[in-house]
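Asker: coordinates only, sequence not included:
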């Protein structure tokens, strides 16, 4: 006798309706909840204390990712088996992967970021594209940054595209949101962090800064808008405006690529003899 098919949550369930609404910023802000789509994001959310609230999974995904579903249940998340159509209705992707988690907001107060005395920070000022924001967050995580700051002029951290582009890195490091850029720069400088603005028209060359040995201390990189970079008033706040040298014939680098180059340059300098990470023994 074949095993009975598990009951699926109704498409008209209030839980489905509530999850679907989280695709809109106004509902995310009101409920302080956001969506994490796909196995990697759900796995990382489940690994964080008190973060994953609910999980919607197709039967196929529940079987394929049984470990993730089991971990979700273990941390107290409500697990709903759902049809592919329900997952498609909740998801914001064209080709959903069968798992959609509902998570609590996890941003960190800026004062807490400063209290931790970070040595490498990415500041996203005027970054409006959610995919770019998520990708820079992923780059910061990979480079070993201790924090990311999104200014009040930047995109919503919990935009589904930003969450997806971070590929789980959103759950790995503190992220402060809604901080005015002037406050961000002043606070970081007060915490002993050198603030560098990344701009293609910068007076200082990244290679020269590395050669001079000025990159080994605690550093925050300020990254600007995808199309028009950093406004003059923001560049004026920084200790230096630094350009990534273009040794070939390319006109420029996109935001995420430039961010990766800058963050990894700092990470390498900080780990070199005399850098701030070698003197602390970490």
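Answerer: Ah, there it is. All values reported here derive from a predicted model rather than from experimental measurement.

Asker: Please name the residues that touch residue 31.
Answerer: 18, 22 (Cβ atoms under 8 Å, 6 or more residues apart in numbering). In this view, the C-beta of every residue, glycine as well, is placed from N, C-alpha and C.

Asker: Sorry, wrong one. I was asking about residue 237.
Answerer: 181, 182, 185, 195, 197, 222.

Asker: count of residues packed around residue 152?
Answerer: Neighbourhood size, residue 152 [other Cβ atoms under 10 Å]: 13.

Asker: Setting aside sequence neighbours, what's the nearest residue to it?
Answerer: residue 178 (4.8 Å; Cβ to Cβ, 6 or more residues apart in numbering).

Asker: From residue 227, how far out is that neighbour?
Answerer: According to Cβ to Cβ, to the nearest Å, residue 178 and residue 227 sit 22 Å apart.

Asker: low-scoring stretches of the stretch 151-282 of the chain, by residue?
Answerer: 279-282 (pLDDT under 70).

Asker: Which helix or strand contains residue 40?
Answerer: helix 39-46 (DSSP states H and E).

Asker: List the neighbours of that helix that are in contact with it.
Answerer: 36, 51-52, 55, 61, 65, 68, 71-72, 75, 77, 97, 99-101, 103, 163-164, 166-168, 170-172.

Asker: swap the cut-off to 10 Å and go again
Answerer: With contact meaning Cβ atoms under 10 Å, 6 or more residues apart in numbering, helix 39-46 is reached by 34-36, 51-53, 55-57, 61, 64-65, 67-75, 77, 97-104, 106, 163-164, 166-172.

Asker: Pairing partners for the helix or strand following it, with directions?
Answerer: Reading on from helix 39-46 to the C-terminus, the next helix or strand found by DSSP H and E is strand 52-57. Strand 52-57 sits in its sheet next to strand 78-81 (parallel), strand 99-104 (antiparallel), going by DSSP bridges.

Asker: What is whichever helix in the chain runs longest packed up against?
Answerer: Counting by DSSP state H, the longest helix found in the chain is helix 255-271. Judged by 3 or more Cβ pairs under 10 Å, 6 or more residues apart in numbering; DSSP states H and E, helix 255-271 is in contact with strand 120-124, helix 130-143, strand 194-198, helix 206-212, strand 219-223, strand 240-243, helix 276-279.

Asker: now these in CSV, with mean neighbour count and distance to residue 256?
Answerer: Output for these, formatted as CSV (neighbours: other Cβ atoms under 10 Å; distance: least, Cβ to Cβ, whole Å):
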stretch, mean neighbour count, distance to residue 256
strand 120-124, 28, 11
helix 130-143, 23, 4
strand 194-198, 23, 12
helix 206-212, 14, 16
strand 219-223, 27, 9
strand 240-243, 20, 17
helix 276-279, 15, 24
